[in-house]
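Enquirer: Sequence and computational prediction follow.
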Amino acid sequence: MKTTTRNDHRRIAIIGGGPGGLTLALILQKHGIPSVIYERELEDKSHERGGSLDIHENSGQQALKEAGLFEAFQQVARYEGEDFRLFDKTGKCFIDEVADEDEQGGRPEIDRGVLCDLLLSKLDPTILRYGYKLNKACSLDNGMTELHFENGFVDRADLVIGADGAFSRVRPMLSDTDVSYSGLTMFELNVVDAANRYPDLVAFNRRGKMFALDDNKGILGQLNGDGRIKVYASLKAEREWLQTSGISADKPQEAKSKLLEIFEDWNESLKKYIRYADDAVLPRRIYMLPVGFQWKRNSGVTLIGDAAHVMSPFAGEGVNLAMQDAMELALAIVRNEDQAKAIEEYEEKMYEYASEKARESHDNLVLCFSDDAAPKLNNLMNSLIEQYNIQA
Ligand SMILES: Cc1cc2nc3c(=O)[nH]c(=O)nc-3n(C[C@H](O)[C@H](O)[C@H](O)COP(=O)(O)OP(=O)(O)OC[C@H]3O[C@@H](n4cnc5c(N)ncnc54)[C@H](O)[C@@H]3O)c2cc1C
């Protein structure tokens, strides 16, 4: 698609400078369409929000191509990060996949901070406003939207895009539906500098992801590009359980001991993910929007990424969808002078692919925390490989 320069003075405001918001602004910028990003944090915090993300060929990688960043991405992506191991609680191994680095597979890994640095490296810094937390957005009679920020600033925009994550402040303009607790609680832990401090754990984990699933619980490990192993000790629990569990971020040593009790009868090589972790524990309840969520169309407001379809991380699609949405919306804006038409085109397409992924994510969540989850996940992955081979 050719680069165009728009002189229509339309004001586009993007709320949220996560992977979705940054990708959107960058693709618009590439086509000469100005926008402004309002981000609540005082600076980019994506390194602290950590976590390695696999970037898929047909979504995240496509968006990086549209943003002109694919070659730079290939330089920093970790193709070896596609290693995957699956165990049950006894340490029985069901899957032991070693990625072929030279093959440059379809789902290489990148740390969230590195991905955001990449996007920021090409973005005009003057469009990014840090320290602007949106409190409220409301429609005006002239079709514009008024944005009220916590710092007292007020702006008006012709097009507002909520890229402000699961707890979006833009979403209430379009729908009364709120996120609901998925039934899964995760505890995020970190084994920093793992190769030097705990080579036995790195040898066990290998270069990518390790899933251990059993008894409706899971220990998930992933080697990140900065040398840490990020760990998610996860379990099905009532929403209120966290308050009474005695596991809190304020008392990390106690929290680790309690987690070791919860996983008491698990194989020692799996418990090391908790035992070796640094003394910081971050509890997270996992929230989701209903599968197939849609909202009342508004020709001046739309949503992308988690704001539009937050789902559990068990399809590994969240960041990929956020970037795909950004690409689809940006290109619809480029194609259509008529803003209402651009939003309609984007939303119709997005509802279709996002609902499919939300269903997959929900089904995977149910499977991963059901009885005999490891053999079931093994069967599912084998049947997907079989289907893929038949199609190829
Ligand atoms: C534990 C866990 C593991 C995950 N693992 C994976 C994975 O392996 N693969 C994958 O693809 N996805 C994964 N995800 C999901 C992925 O992180 C998200 O889907 C992705 O970050 C969504 O991007 P986004 O830009 O839509 O929103 P976010 O990344 O949430 O960014 C939203 C931005 O908006 C800002 N903001 C929020 N509120 C306001 C406000 N009121 N005003 C202004 N700014 C605001 C925030 O500070 C933030 O910068 C995981 C998520 C979790 C919780």
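Expert: Everything's here; your move.
Enquirer: how far does stretch 285-293 sit from the chain's center?
Expert: Taking the mean of its C-alpha atoms, stretch 285-293 sits 13 Å from the chain's own mean (C-alpha atoms, centre = their mean, to the nearest Å).
Enquirer: can you check stretch 44-59 too?
Expert: 7 Å.
Enquirer: cool, and stretch 74-92?
Expert: With C-alpha atoms, centre = their mean, you get 18 Å for stretch 74-92.
Enquirer: and what of stretch 364-378?
Expert: Per C-alpha atoms, centre = their mean, the centroid offset for stretch 364-378 relative to its chain is 21 Å.
Enquirer: Other residues contacting that stretch?
Expert: 86-88, 92, 94-95, 182, 184, 211-214, 216-218, 234-236, 286, 312, 314-315, 380 (C-beta atoms under 8 Å, 6 or more residues apart in numbering). All C-beta atoms are positioned from the backbone trio N, CA, C, and that covers glycine.
Enquirer: rerun that using 7 Å as the cut-off
Expert: Applying C-beta atoms under 7 Å, 6 or more residues apart in numbering, the external contacts of stretch 364-378 come out as 86-88, 94-95, 182, 184, 213-214, 216, 218, 236, 312, 314-315, 380.
Enquirer: now that we have those residues, which one has the most neighbours?
Expert: Leu213 (26 neighbours; other C-beta atoms under 10 Å).
Enquirer: Show me which residues of the stretch 1-150 of the chain sit near the ligand.
Expert: 15-21, 38-41, 51, 53-54, 133-134 (C-beta under 6 Å from any ligand atom).
Enquirer: Please identify the buried residues of stretch 262-269?
Expert: Of the residues in stretch 262-269, 262-263, 266-267, 269 count as buried by neighbour count, 16 or more other C-beta atoms under 10 Å.
Enquirer: How about stretch 322-330?
Expert: 322-330.
Enquirer: of the residues you listed, list those near the ligand.
Expert: Ala322.
Enquirer: Please flag which of the buried residues of stretch 322-330 sit within helices.
Expert: 322-330 (DSSP state H).
Enquirer: Filter the residues of the stretch 1-150 of the chain next to the ligand down to the buried ones, PyMOL style.
Expert: Restricted to buried positions by 16+ other C-beta under 10 Å, the PyMOL selection for these reads:
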select buried, resi 15+16+17+18+19+20+21+38+39+40+41+53+54+134
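Enquirer: From the residues of the stretch 1-150 of the chain next to the ligand, which shows the smallest pLDDT?
Expert: Ranked by pLDDT, those bottom out at Gly51, which has 87.
Enquirer: what's the closest non-adjacent residue to that one?
Expert: Arg112 (5.3 Å; C-beta to C-beta, 6 or more residues apart in numbering).
Enquirer: Lys230 too?
Expert: That would be Gln222: by C-beta to C-beta, 6+ apart, it lies 5.1 Å from Lys230.
Enquirer: Check Gly218 too.
Expert: That would be Ser234: by C-beta to C-beta, 6+ apart, it lies 4.4 Å from Gly218.
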